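Asks: Structure, please.
(chains A and B)
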Amino acid sequence: MSFLAPLLLFALPLALLPVVIHLIHLLRRRQVKWAAMMFLLAAQRMNKGLSKLRQYLILLFRMLAVAALIFMIGRPLAGGLLGLTGGAPDSVIILLDRSASMEEQLLATGTGKRTAGLRNLTAAIKDAYGKRSKLVLIDSATLQPVNLENAEALADVPQSGPTDTAADVPSMLQSALDYITTNQTGRTDVWLVSDMRQSDWNARGGRWASLRAAFATLQGVRFQVLAYPETSPSDLGISVERVTRRETNDKAELLLDIRLNSADPAAGPRTVPLRVVVNGVGSTLNAEMKGAQVLLQARAIPIDKATKRGWGRVELPADASPADNVYHFVFDQPAPLKSVIVSDSAEVSGPLTAALTAPLEPGRTYPSSVLPLARAAEISWEDTALIVWQGALPGKDSAVAKQLELHVAAGRTLLFMPPAQPDDTAFMGVNWTPWQSAAGDQPALVEWWRSDAGLLAGTRAGTALPVGETEARRWCGLAGDVVPLARLGGEAGKGLLLAQAARDGGNGAYFLTTLPTVGDSSLARDGVVMFAMLHRALQDGAATLGNARQKSAAVDALGAEPAAWKRLDIENADSVLPVDRPLRAGVLERAAGGSAGSADNNSGAGAATGGTGKDSLLIALNRPPDEDAPQTVGRAVLEELMAGLDWRLLERTLENEKSLTSEIWRTFLLLMAAALVLEALLSMPPRRSLAAPGPGGELKSPAA
Amino acid sequence: MKTTPASFLDSAVISRLLALPLNARQAMTGSVSGRHRSPVRGSSVEFAQYRKYVPGDDTRRLDWRTWGRTDRFYIKEFEADTNLRLALIVDASGSMGYGPAGATRLDYGRKLGGSLGYLAAQQGDAVGLWGVGRDHRQKLPAKRGAAHLRLVLDQLAALEAKGETTLLESLHEAAEQISQRALVVVVSDFFIEPAKLKHALQHLRFRKHDVALFQVLDPMELDFTFDRPARFVDMEGGEIVLADPSLISRRYQEVVKKYLAEMDEVIRTTGVDYQRVMMKEPFEEVLAKFLLSRLQSKGRR
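Replies: From the prediction side, this is the model:
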């Protein structure tokens, strides 16, 4: 609790005024010479305890009334129960969601959720805690704790600025937990400012149980969730899924696959004007939209034939959420879609090579090579988009296994096919189990597959791949934590055809449980499914190759040296701090021959050697796709996630930005009134007894 | 202003009260003949009884007519009338000074006591005075005569209300020192414990004294109807009490009620004559009521 007019608190000694007046009154009481003192003393004795208590209570209530009056005119501020109970904790940890969706704003005021949350929280901390608590900020983008000198610094530090990243609430809580346990913060209030997006909270993630258990063991940790869950129904989001430069004899153009998302799934048909900027030159096109989503395929934007590489963006008209109104892209000569098949079996590698070298797009090259298992180390790791590994899984500690893990971590694709003799060797926690065969002459058919995304998704035209017609006569089982992508059914039992190793925060390797050979499956015979699957894997892996790449904004998006990158899409490139460059959407360029080699392959950001090696590296950073999903976490889910913890949800909206703290003079007014009423009740003289004997004749002498 | 007998004796009131005799409720043992019955047989005109002659009896009191009829000697006995000894015990402790100047409780007591003394002297009775107080203990034995009455009234006028009460000691002392039966009239506020008072009264009754109590009170002392808190100063020199009447008046009245009930019990068990007098009552009425009540109970031995 704090006061708008704290100087008035110096008047608090006035609360003793009733006592002083009482004492003066005592001294100034009129004097009565009294004869029947024996009655008075006896009455005093009988009344002593109650009378004293009553007198003290009257004085107490009078003092309370005066004190409440002084507090009232001092204009006290408090954050609801916060200020009135518990007092200031030893530490206050602020977990700030800096995701792109937090920039959603109220158009009338231009105030975004992050800004409103910070402003509200600053005022609340200032008013309720003052300078008595240690302030620590942990933001969703960096997850690094930052000590704050005072509440006002909250809005000033770079770690509270806007970003185009995603947020990971469990990771933020984990950082808070680490900070609390490392620094022994004592009684701690954890403030979490969030827009409650499901993608940020990841309620189905496996970390919540352990976080709950860990926080439950800590004494005096209290959670306050300052939530801005409301989303604007009129909000539109835009993203570019694919950029292709096409050149014919007479012209060159960019083909853009543009996706539009609407927060209102019931919205009627409407025309949305889009602005496309390529290398600084803008053009406009209209998109017809109906429902929650629309994909504009291969929208052609003419460019100069001489323009082989460049950057651009697509823009939506301004709406409530500016962060999803712009999407940046870069383009360049496409990198070769190189694949390597590691197999000792020519019977297997034959159809795979045929599928992988068949050109899908004109103007691109599809080199593919076959290496036996023993020469797997010869793989050209830096420019290979896809590795198909048919054979025994590499041992965990082998150099090849480590290279393969780096390959996957860099965003390239790895597809395992079963060996002739499966063993217990595991890769990414997954290992093959013995071969199984279909019962009788009937092969197993694919019963279910994931058709909305992944390698077996439907075509762009919306047609499903004929995966259900794929037959499998022999397949290997899988043991370990995998995400199924296609499942075999029928009498053959429940086996998996395709799965992906489950990994937090990244893609895992793919596992195809059968071989394309004739005796094992119809993959080679039918061809379509295998062709689509392999080329999608190749395309996915190639996304991190070449000199023009699309990436999601994240703290590690630009590798270890963000200062080496320069913004291209804004005039004053240096105005963006190096620390903010990987966090903000935009187009960045790094000169060729920089310290690219030192950039880690894990992030893939600095793998410039995967490009031509002559040109600079272009990267378009955008918000992660999940930021466009408007679904939020409700209170019921929150209760499950925070079960057993001391937490409170404070929901706010941008329209009605109710302060976390408020003037609570009314409370003191009520207190004063209550004190005065009680004082009056206690001061009220008791009802006079009618039993008092009257004079003279009313009292007869018994002897008379 | 100095108090004189003339200030508390109202001749008009006395002249009206002279019509009512001051009687004792029991036989008195006076030194001279008077209008009160004596416990011994005497030679008044009122026949009492016959008894057989025994040698040594005064032959002048033989009833010759009975001898003539029965040839036996009988002595004819008559009631002996004697005078009354009135012992006025007036409390002169500090609490008797309660009331406005000139109309204090002691002033009221002077009127009662002085008038009674005058009435007794007028009918030939002896009057004595015991002034009761820590600072003064006047003791005038009961004597007859105008000069003695004058002395009694002067002493009465000279009493001053001050100091602690010594009423109980004085009552016990009176019980011991008044040698013959007497009418003991006590004028006081009796702000003492009824149980202790009971012992003193029983002591007086044991000595065959006819005891009459005048308890002089002020209505305020019973009701405690003050409107504001005050510092109550004990008139007998005790402590000072800061009290808020609004807080304790109910308790006070409970205490008073209990005290009065105990006083009534004491009066009932000791058989003394008791008059509870409010200071605003005219003392003439009080005395008239007192004298009239004694008319009915005259004659017991």
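Asks: Report all helices and strands that the longest helix seen in chain A contacts.
Replies: In chain A, assigned by DSSP state H, the helix with the most residues is helix A:37-73. With contacts defined as 3 or more C-beta pairs under 8 Å, 6 or more residues apart in numbering or on different chains; DSSP states H and E, helix A:37-73 has these neighbours: helix A:17-27, helix A:665-683, strand B:230-234, strand B:240-243, helix B:245-270. For the C-beta atoms, the positions are set from N, CA and C on the backbone; glycine is no exception.
Asks: go with 10 Å
Replies: The contact analysis (3 or more C-beta pairs under 10 Å, 6 or more residues apart in numbering or on different chains; DSSP states H and E) places helix A:37-73 against helix A:17-27, helix A:665-683, helix B:219-223, strand B:230-234, strand B:240-243, helix B:245-270.
Asks: Show me what the shortest one is in contact with.
Replies: Which is strand B:240-243. For strand B:240-243, contacts defined as C-beta atoms under 10 Å, 6 or more residues apart in numbering or on different chains pick out A:25-27, A:29, A:31-32, A:34, A:37, A:40-41, A:43-44, A:47, A:51, B:224, B:226, B:229-234, B:248-249, B:252.
Asks: about what we covered before: and the longest helix of chain A, what's buried?
Replies: Judged by neighbour count using 16 or more other C-beta atoms under 10 Å in any protein chain shown, the buried positions of helix A:37-73 are A:37-44, A:46-47, A:51, A:58-73.
Asks: avg pLDDT for that helix?
Replies: Helix A:37-73 shows an average pLDDT of 86 in the prediction.
Asks: Stretch A:577-585 now?
Replies: In the prediction, stretch A:577-585 has an average pLDDT of 87.
Asks: one step back: figure out which of the helices and strands packed on helix A:37-73 is closest to B:E164.
Replies: strand B:230-234 (9.4 Å; C-beta to C-beta).
Asks: Which strands or helices does the closest one pack on?
Replies: strand A:30-34, helix A:37-73, strand B:240-243.
Asks: Select, out of the ones you listed, the one closest to A:D626.
Replies: Smallest distance to A:D626 across those (C-beta to C-beta): 48.6 Å, for helix A:37-73.
Asks: By mean pLDDT, which helix or strand of the chain comes out lowest?
Replies: Looking at chain A here, since you left the chain open. helix A:81-84 (a mean of 45; mean pLDDT, DSSP states H and E).
Asks: That was the other one, I meant chain B.
Replies: Min over SSEs of chain B, mean pLDDT, DSSP H and E: strand B:36-52 (a mean of 65).
Asks: for whichever helix or strand comes after that one, packing partners?
Replies: As assigned by DSSP states H and E, the chain's next helix or strand after strand B:36-52 is helix B:64-70. Judged by 3+ C-beta pairs under 10 Å, 6+ apart, helix B:64-70 is in contact with strand B:74-82.
Asks: next helix or strand past the strand it packs on?
Replies: strand B:85-91.
Asks: so, in contact with chain A or not, that next one?
Replies: No: using C-beta under 10 Å from any C-beta of the partner chain, we find that strand B:85-91 stays clear of chain A, coming within 10.9 Å at best.
Asks: Can you list the buried residues in that strand?
Replies: So, applying 16+ other C-beta under 10 Å, buried residues of strand B:85-91: B:R85, B:L86, B:A87, B:L88, B:I89, B:V90, B:D91.
Asks: what's the distance between the first one and A:G477?
Replies: Pointing back at B:R85 there. Distance, B:R85 to A:G477, using C-beta to C-beta, to the nearest Å: 136 Å.
Asks: How much space separates B:D107 from B:T3?
Replies: Note on B:D107: its distance to B:T3, by C-beta to C-beta, is 8 Å.
Asks: My guess is A:G282 contacts A:P273. True?
Replies: No: assessed by C-beta atoms under 10 Å, A:G282 is found out of contact with A:P273, at 11.9 Å.
Asks: hey, what's in contact with both of those two?
Replies: Common neighbours of A:G282 and A:P273 (criterion: C-beta under 10 Å, 6+ apart): A:E315.
Asks: ok, B:D107 and B:T3, which is more surrounded?
Replies: B:D107 (22 against 17; other C-beta atoms under 10 Å in any protein chain shown).
Asks: element containing the more buried one?
Replies: Assigned by DSSP H and E, B:D107 falls within helix B:105-122.
Asks: Tell me what angle that helix forms with strand B:85-91.
Replies: Orientation check (axes from the mean of the first three to the mean of the last three C-alpha atoms, to 10 degrees): helix B:105-122 against strand B:85-91 gives 170 degrees.
Asks: If you count neighbours, what's buried in helix B:105-122?
Replies: So helix B:105-122, judged by 16+ other C-beta under 10 Å, has buried residues B:105-121.
Asks: Brilliant, that's me finished.
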